[in-house]
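Colleague: A structural model of the following input is requested.
(2 chains)
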Amino acid sequence: MHKLTLKKLIFSLVTLLFAYPLPGFAQRSFLERIQPDQVNLQYAGSIGYFSGGVGYHFFKEKTTLSFHYGYVPEDKGGWMSIFTAKFEYKPFAIKIKDKFIIHPINPVFFPSYTSGDNFDYQFSTHKYRKGYYFWSSALRLHLGAGTEVKILNNHSSFFKSASVYAEANTNDLYAISWFQNRTSTPFYAMFKMGYGVRLNF
Amino acid sequence: MLNIKYVILFIFIFSLGCNSTEYSPNQKFNRNTPTNVNAKEIATLPNKAAGSTVKIAVSGDTQRSYKQSQDFVDLINARDDIDFIILNGDISDFGLLLEFNGIYEIYSKLKKPFISVIGNHDLVANGADVYKHMFGDLNFTFNYAGIKFICHDTNGREYDFNGSTPNMAWLKSNLKLEAGTDRMIAFSHVPPFDGDFDPKLVVPYEDLLNQTPGMLASIHSHQHQPGVVLKSETGIPFIITNAIVKRAFTLITITNAQIDAQEINF
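Modeller: Okay, the predicted model is just below:
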């Protein structure tokens, strides 16, 4: 990727977080401000053999933005390091007494970035003429849907709830391939599964 | 009771993907990936007397054309005069395991052995590792009916034209007849007069092939154009096939050291 731009971005984000305690807002410390609403551990799902992340809820927990780091060990088809940002929307919530909430279908969008020598945000313009390979090898855009069961805990406890979920996703390149073969390849064939747990604070 | 329904639905969705977990689209292999396919396919070639007529169906560039690939396999399976099939590079488009697997699933239904050569698209991202794990070495040889087949990587642009590809040292040591062989034929994806071939190696490569005793022809793909045969007055023919994505293959017939190339559209 444009390493300089990335560094600049990280630098400005960090500066912003530290510089933020303006008079009147000083009662919340830096650590409190970045404390996540959720921690997550996921198996597979195209973003690592295992991946871990933190998430923040918006709009009364209807939307979650989360950041994940995943890895694939060599004996599982790697080595790879994958960075992912997920946007998940939970349009439906079915409450079962005070014990469970089922989110039957949660649309999810997540860009993932694979780091390593074999991957580039853009194919080298020195090696290839423009448009020789039109896609990015490092950046994948995933689209999918999850289904989640949330087990509610006591309101006063440290963890307010715990969830288990399954998530099916496809990505830009799989979708292009499926579209070209849509009369012969079944729609579900381009979806890949992942499973995970979440703890909500 | 309504809730039970949702729980059942949830369990159903959960179990849907039991066999389709994925760690990354760039994974080099998964637990179902076949290994050493080229060696296994070569091992199934029957013994055929040297000098017999040999018919080979060659085409490259299956890429993401699963329908065309399936039609090609059906067509080849409907006739029994073909000895084996060569998939001459660009098995995949994006160098992804899913694509290599998809083409393998289709080609493995061929009744005759198929041998796969590396193409430039197969070297993108983790593609080279996917190919090595699934098919084997990028440069390899095998013998059939008294002919030595030399399959190799000519995708110079993927190595930034660094002089490594094609591997001239490997070619020099392998372009030698072995016991029981009296002719040779080379297969590789990018032809030497293509812009994606390492410009520094064009002349040495052509000279080496032209001057190797027993060399019948060099067969390439890559260009997605109607097949051509190019031949200098003294040299060997360079045969370029069309592509599976263009619904075409070239039928190579070798009889008594004569080589004939016929393009077939389907």
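
Colleague: Against B:L201, how distant is B:P166?
Modeller: 6 Å (CB to CB, to the nearest Å). (Glycine included, C-beta is placed from N, CA and C.)

Colleague: For chain A, what is the nearest residue in the stretch 151-266 of chain B?
Modeller: For the stretch 151-266 of chain B, the residue closest to chain A is B:D160, as judged by CB to the nearest CB, at 5.3 Å.

Colleague: Skipping its backbone neighbours, what lies nearest that residue in space?
Modeller: Take B:D160 and drop its neighbours on the chain: the residue closest to it by CB to CB, 6 or more residues apart in numbering or on different chains is A:K127, 5.3 Å away.

Colleague: Go ahead and confirm that neighbour touches B:R157.
Modeller: Yes. Between A:K127 and B:R157 there is a contact at 6.6 Å, judged by CB atoms under 8 Å.

Colleague: Run a quick neighbour tally on the closest residue to A:F50 other than its chain neighbours.
Modeller: Among residues not flanking A:F50 along the chain, A:Y43 sits closest, at 5.9 Å (CB to CB, 6+ apart). Using other CB atoms under 10 Å in any protein chain shown, A:Y43 has 16 other residues around it.

Colleague: what does the stretch 51-200 of chain B put close to chain A?
Modeller: Neighbours of chain A within the stretch 51-200 of chain B, by CB under 8 Å from any CB of the partner chain: B:64-67, B:70, B:93-99, B:102, B:124-126, B:128, B:157, B:160.

Colleague: Among those residues, name the ones in helices.
Modeller: With DSSP state H as the criterion, helices contain B:Y66, B:K67, B:Q70, B:L97, B:L98, B:E99, B:G102, B:A128 from among these.

Colleague: So B:H224: helix, strand or coil?
Modeller: Look at B:H224: counting by DSSP: H, G, I helix; E, B strand; the rest coil, its state is coil.

Colleague: right, and it touches B:N242 too?
Modeller: Yes. With contacts counted by CB under 8 Å, B:H224 reaches B:N242, the gap being 6.9 Å.

Colleague: Looking at those two, which has the bigger crowd around it?
Modeller: Set side by side, B:H224 and B:N242 show more neighbours around B:N242, with 23 against 16, by other CB under 10 Å.

Colleague: isn't that one right next to B:E263, touching?
Modeller: Yes. Using CB under 8 Å, B:N242 is in contact with B:E263, at 6.2 Å.

Colleague: Quick check: mean pLDDT of stretch B:217-227?
Modeller: Mean per-residue pLDDT for stretch B:217-227: 94.

Colleague: in the helix or strand B:E41 falls within, what counts as buried?
Modeller: Element membership for B:E41 (DSSP states H and E) is helix B:37-43. Neighbour-count burial for helix B:37-43, with 16 or more other CB atoms under 10 Å in any protein chain shown as criterion, is recorded at B:V37, B:N38, B:E41, B:I42.

Colleague: And what about A:P107, helix, strand or coil?
Modeller: Classification of A:P107 by three-state DSSP places it in strand.

Colleague: Leaving out chain neighbours, which residue sits closest to A:N169?
Modeller: Among residues not flanking A:N169 along the chain, A:G144 sits closest, at 3.1 Å (CB to CB, 6+ apart).

Colleague: Now the most centrally placed residue in chain A: which helix or strand?
Modeller: Note on chain A: the residue nearest the mean C-alpha position is A:K86, at 2.9 Å, using CA atoms, centre = their mean. Element membership for A:K86 (DSSP H and E) is strand A:80-89.

Colleague: Could you spell out the sheet neighbours of that strand, each with its direction?
Modeller: With DSSP bridges as the test, strand A:80-89 is paired with strand A:63-72 (antiparallel), strand A:100-115 (antiparallel).

Colleague: and B:L45, how many residues sit next to it?
Modeller: B:L45 has 16 nearby residues by other CB under 10 Å.

Colleague: What does the pLDDT read for it?
Modeller: At B:L45, the pLDDT value in this model is 96.

Colleague: do B:A248 as well
Modeller: B:A248 is assigned a predicted lDDT (pLDDT) of 96.

Colleague: ditto for A:F58
Modeller: pLDDT recorded at A:F58 is 89.

Colleague: Can you tell me how far it is from A:K150?
Modeller: 17 Å.

Colleague: out of the two, which sits in the busier spot?
Modeller: The neighbour count for A:F58 versus A:K150, taken as other CB under 10 Å, is higher for A:K150 (23 against 12).

Colleague: Give me the three-state assignment for that one.
Modeller: Applying three-state DSSP: A:K150 is strand.

Colleague: Now do the shared contacts for B:P166 and B:L201.
Modeller: Common contacts of B:P166 and B:L201 (CB atoms under 8 Å, 6 or more residues apart in numbering or on different chains): B:G156.

Colleague: So which of these two has more stuff around it?
Modeller: B:P166 (25 against 21).

Colleague: ok, that one touching B:T154?
Modeller: Yes. Counting by CB under 8 Å, B:P166 does reach B:T154; the two are 4.7 Å apart.

Colleague: which residues are common contacts for those two?
Modeller: Joint contacts of B:P166 and B:T154 (CB under 8 Å, 6+ apart) are B:S188, B:Y205.

Colleague: Provide the strand pairings for whichever helix or strand comes after the strand holding A:K86, with the direction of each partner.
Modeller: For strand A:80-89, the succeeding helix or strand toward the C-terminus, using DSSP H and E, is strand A:94-96. Strand A:94-96 has its sheet partners listed here by DSSP bridges as strand A:100-115 (antiparallel).

Colleague: Just the CA trace of the strand it pairs with, in PDB.
Modeller: Extracted as PDB, the C-alpha positions of strand A:100-115 are listed here (Å, rounded to 0.1, in the frame of the first residue of the first chain):
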ATOM      1  CA  PHE A 100     -31.800 -14.800  24.600                       C
ATOM      2  CA  ILE A 101     -31.900 -12.500  21.600                       C
ATOM      3  CA  ILE A 102     -31.700 -14.100  18.100                       C
ATOM      4  CA  HIS A 103     -30.500 -12.000  15.200                       C
ATOM      5  CA  PRO A 104     -31.600 -14.200  12.300                       C
ATOM      6  CA  ILE A 105     -29.900 -12.300   9.600                       C
ATOM      7  CA  ASN A 106     -27.200  -9.700   9.800                       C
ATOM      8  CA  PRO A 107     -25.900  -8.300   6.600                       C
ATOM      9  CA  VAL A 108     -22.200  -7.700   6.800                       C
ATOM     10  CA  PHE A 109     -19.600  -5.900   4.700                       C
ATOM     11  CA  PHE A 110     -15.900  -6.200   5.300                       C
ATOM     12  CA  PRO A 111     -12.800  -5.100   3.400                       C
ATOM     13  CA  SER A 112      -9.800  -7.300   4.300                       C
ATOM     14  CA  TYR A 113      -6.100  -6.600   3.600                       C
ATOM     15  CA  THR A 114      -3.600  -9.400   3.300                       C
ATOM     16  CA  SER A 115       0.000  -8.400   4.000                       C
END
